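In: Predicted coordinates and the sequence they were generated for:
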Amino acid sequence: MAKQHSAPAIAELDVGIVIASHGRHCVIETPDGEHVICHPRGKKSQAVVGDRVRWQASEDEGTIERVETRRNLFYRQDEIRTKSFAANLDHVLILIAAEPEFSEHQLARALIAAEAERIAPVIALNKSDLVAPFERAWARLAPYRRMHHGVLPLSLKASGAVDRASLLKLLTGKTTLVLGPSGAGKSTLINLLVPGALAQTGEISKALNAGKHTTTSTSWYWVDKASETALIDSPGFQEFGLNHIEPMKLAGLMPDIAEHASNCKFYNCTHLHEPGCGVIPQVETTTQTGPISATRYKIYGELFAELSQRRFP
């Protein structure tokens with residue numbers, strides 16, 4: 001009869017943080033700063049960057065035996081698959097630019113995903129040195145400033161030292177995922193806060209044999225020597241699916257709409273057409289001002305319709 005091997009006791013396992021991943025490979029950082037390539041136990045990897053894990057050494061690599069309970073998980077989901085960005089976050093910093101013009105739809109989607117996981121969002125608008133485009137973009141962000149989202153003006157290439165100080169004041173002691181479309185200045189921001197970040201990414205990619213696929217991976221960087229402030233760089237994206245959000249919960253994840261949703265006559269109000277709705281009268285129109293911008297309300301309606309096509313158990 002074959003001898004069965006029991007799983008190692010938790011107390012016997014090493015601890016670490018997942019700082020990079022590519023396919024089924026992860027890089028674990030140990031408490032003393034050593035980097036070890038690890039593989040999941042079983043066929044599917046459950047660990048993402050930011051996870052605290054228990055792992056077992058095996059020759060010069062290791063095996064992830066357990067992923068510790070997460071505080072949160074920031075992810076997107078479309079009809080085909082789920083894409084996890086990172087776990088155990090304090091902030092999601094959404095970097096957009098005055099030029100090229102940012103998508104308010106994509107911004108709203110990222111904010112909703114953060115709200116669903118109770119992660120504090122920060123919106124950073126880059127290229128303040130481009131005066132006219134920046135003024136137009138800043139005006140578009142007025143509804144988000146009214147919602148008390150942190151909205152920072154940046155000029156990463158023109159005033160790096162000033163921006164570095166303001167960002168560090170906000171992010172110190174936190175773990176922050178940096179999210180944004182291509183062209184917004186994400187690489188510039190990472191390298192401003194973490195000198196040598198690109199070199200570190202190259203070393204990790206070489207170890208993982210990731211090669212040309214480095215831009216599709218997510219990487220963790222320590223900003224300070226004390227290892228208390230961390231940035232997580234994420235790959236760019238063209239779409240941000242919210243298929244994991246139930247349509248009737250959408251309003252509660254959009255603060256400007258949620259603020260008035262409790263005033264509705266019916267508990268199951270969709271805020272689209274019902275009599276006695278507390279939201280609809282608050283939407284700005286061509287003839288009246290209101291605390292809910294027409295653009296935001298339009299995004300809500302379009303997302304509600306999109307999510308309603310999904311079947312939830």
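Out: Sure, I can see it.
In: next one: stretch 78-89 to chain centre, how far?
Out: 9 Å (CA atoms, centre = their mean, to the nearest Å).
In: One more: stretch 304-313?
Out: The answer for stretch 304-313 is 23 Å, by CA atoms, centre = their mean.
In: what about it, average pLDDT?
Out: Stretch 304-313 shows a mean pLDDT of 79.
In: which residues touch it?
Out: Contact with stretch 304-313 is made by Leu242, Asn243, Ile245, Glu246, Pro247, Leu250, Thr270, Leu272, as judged by CB atoms under 8 Å, 6 or more residues apart in numbering. No exception for glycine: its C-beta is placed from N, CA and C like everyone else's.
In: and stretch 235-242, C-alpha only, in CSV?
Out: The C-alpha coordinates for stretch 235-242 follow below in CSV (Å, rounded to 0.1, in the frame of the first residue of the first chain):
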residue,chain,number,x,y,z
PRO,A,235,-0.8,46.2,-16.9
GLY,A,236,-2.9,48.6,-19.0
PHE,A,237,-6.3,47.6,-20.1
GLN,A,238,-8.8,48.6,-22.8
GLU,A,239,-11.9,47.3,-21.2
PHE,A,240,-12.9,47.0,-17.5
GLY,A,241,-15.7,44.5,-17.1
LEU,A,242,-18.0,44.7,-14.0
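In: Who are the contact partners of Pro31?
Out: Pro31 neighbours (CB under 8 Å, 6+ apart): Val15, Gly16.
In: Now with 7 Å, please.
Out: Counting by CB atoms under 7 Å, 6 or more residues apart in numbering, Pro31 makes contact with Val15.
In: One more: the one 5 residues further on?
Out: The contact partners of Val36, by CB under 7 Å, 6+ apart, come to Ile28, Thr30, Glu61, Gly62.
In: among the contacts of stretch 304-313, which ones are buried?
Out: Leu242, Asn243, Ile245, Pro247, Leu250, Thr270 (16 or more other CB atoms under 10 Å).
In: Please tabulate these in a markdown table, including the columns secondary structure and pLDDT.
Out: As requested, the buried ones among the contacts of stretch 304-313 are exported to a markdown table (DSSP: H, G, I helix; E, B strand; the rest coil; pLDDT from 0 to 100):
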| residue | secondary structure | pLDDT |
| --- | --- | --- |
| Leu242 | strand | 96 |
| Asn243 | coil | 94 |
| Ile245 | coil | 96 |
| Pro247 | helix | 97 |
| Leu250 | coil | 98 |
| Thr270 | coil | 98 |
